[in-house]
Each structure stands twice: as C-alpha cells, then as structure tokens.
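Enquirer: Let's see this in three dimensions:
(one chain, ligands or ions: 1)
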Amino acid sequence: MGPETDTSRMSDTIHVLNGPNLNLLGTREPEVYGRATLADVAELCRAEAGRHGLQVVFRQTNSEGTLVDYIHEARGARGIVLNAGAYTHTSIALADAVAGVGVPMIEVHLSNVFAREPFRHQSFLSPVAKGVICGFGPQSYVLAIAAFAQMAASP
Ligand code: CA2
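Expert: Numbers count the residues shown, from 1 in each chain. From the prediction side, this is the model:
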C-alpha cells in the first residue's frame with residue numbers, strides 16, 4: 001500500500017460549515033430552500049458520515065470573521081463542506097482562509113445558484129474548492145460527504 005492509499009493516519013472528521021442566514025432554513029422561502037431545517041441537514045450529514053465511519057462537526061454562524069475562525073479550526077480534518085451563503089459571492093477572506101489551512105474543501109449550495117440571479121453565479125470560493133455541488137437541497141451536503149469518503153478510498 002503506497003502513501004496515497006494509506007488512510008490509516010487520516011483524520012475521520014469532516015467539518016460542515018454554514019454561513020449567514022442558514023439558521024433560518026425551513027422557516028422562510030420554502031420554494032427556494034425547501035422545508036428542512038438546519039438541524040435536519042445536520043442529522044442527514046451525521047447519518048451519511050456514520051455510514052462511512054466518519055464524524056461530523058456541524059457549525060453555523062452569521063459572522064464572516066467567525067466563519068474564518070471555523071475554517072482555521074478545521075485544520076487537520078479530512079475535509080470541509082462549506083456553504084458560505086451570500087459570503088460565497090463576496091468574500092476574499094474566506095477564500096484565503098481555505099487556501100491557508102490546506103484542508104480540501106467542497107463548496108455546497110442548497111439551490112442551483114446558476115439558475116438564479118447573475119450575482120450568484122460568481123463565487124470567490126470555487127477556485128479554492130476541490131469541487132462544487134449545488135441544486136440538490138440538503139442532498140448537496142450528503143453528496144459532498146460521500147465524495148470525501150470516496151476520495152479517501154480511491155483518491
Ligand atoms: O443555495 C444556497 O445554499 C445559498 O448558499 C444560500 C444563500 C444564498 O445567498 C446563496 O446565493 C446560495 C442564502 C442563505 C439564506 O438561507 C435562507 C433560508 C431560509 C430563509 C431565508 C434565508
């Protein structure tokens with residue numbers, strides 16, 4: 001087994017980080033974001049991670065600086081699943097934080113941002129992401145966790 005296939009020393013923790021207003025999920029705009037709450041999304045993430053023997057740290061903040069701190073605190077993790085909300089479209093600080101920690105990050109969105117307003121088509125995070133998943137509602141998060149599990153199995 002070469003070093004690229006030896007997952008024995010790899011962290012089994014994935015940090016799922018959520019940005020501004022995602023605490024409102026399930027309470028408003030169900031036609032855009034669905035009826036699941038953020039607690040429901042956390043549960044789906046934990047269930048998917050558990051299927052792969054992985055742990056989840058699930059966090060949400062409305063503050064850009066706190067999101068930078070959460071990204072720093074994910075140093076050493078297997079991966080970061082990041083829904084930065086509207087900061088996706090504005091934040092160089094978040095992009096720098098992701099590039100700085102050296103942890104692979106998958107950008108996720110509940111909605112298909114490319115089917116929405118043009119300002120949502122621009123992401124400062126996509127260039128520093130391993131990949132981007134959008135448009136599948138809470139399943140976007142589940143797919144990202146499955147992708148990390150699969151990347152570890154066959155990088
Ligand atoms: O589709 C996504 O996941 C977004 O990241 C959600 C952000 C939006 O700014 C991005 O363009 C796409 C907005 C999160 C706000 O979520 C709410 C949920 C329910 C009610 C109000 C806001």
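
Enquirer: When you work out contacts or count neighbours from here on, use the C-alpha atoms and nothing else.
Expert: OK.

Enquirer: Helix, strand, or coil at the residue nearest to the spatial centre of the chain?
Expert: Residue closest to the average C-alpha location in the chain (CA atoms, centre = their mean): Val81, at 2.0 Å. The three-state label given to Val81 by DSSP: H, G, I helix; E, B strand; the rest coil is strand.

Enquirer: so what's it bridging to?
Expert: Using DSSP bridges, the bridge partners assigned to Val81 are Val16, Ile106.

Enquirer: Isn't it up against Val108?
Expert: Yes - counting by CA atoms under 8 Å, Val108 is a contact partner of Val81 at 6.7 Å.

Enquirer: overlap in contacts of the two?
Expert: With CA atoms under 8 Å, 6 or more residues apart in numbering applied, the overlap between the contact sets of Val81 and Val108 consists of 141, 144.

Enquirer: list the contacts for Pro104?
Expert: By CA under 8 Å, 6+ apart, the neighbours of Pro104 are 78-80, 129-130.

Enquirer: Identify, from those residues, the entry nearest to Ala86.
Expert: Proximity of the contacts of Pro104 to Ala86 was ranked by CA to CA; the top entry is Ala129 with 16.3 Å.

Enquirer: Tell me, how many residues neighbour the closest one?
Expert: 20 (other CA atoms under 10 Å).

Enquirer: if I look at Phe114, how far off is Glu31?
Expert: 16 Å (CA to CA, to the nearest Å).

Enquirer: These two: which has the busier surroundings?
Expert: Neighbour count, other CA under 10 Å: between Phe114 and Glu31, Phe114 has more, with 13 against 7.

Enquirer: ok, Val101 - contacts?
Expert: 71-72, 74-75.

Enquirer: Now Phe136: closest residue in space that isn't a chain neighbour?
Expert: Leu110 (5.8 Å; CA to CA, 6 or more residues apart in numbering).

Enquirer: Per-residue pLDDT of that neighbour, please?
Expert: The model reports Leu110 with a pLDDT of 97.

Enquirer: quick one, strands of this protein?
Expert: 13-18, 55-60, 79-83, 105-109, 131-134 (DSSP state E).
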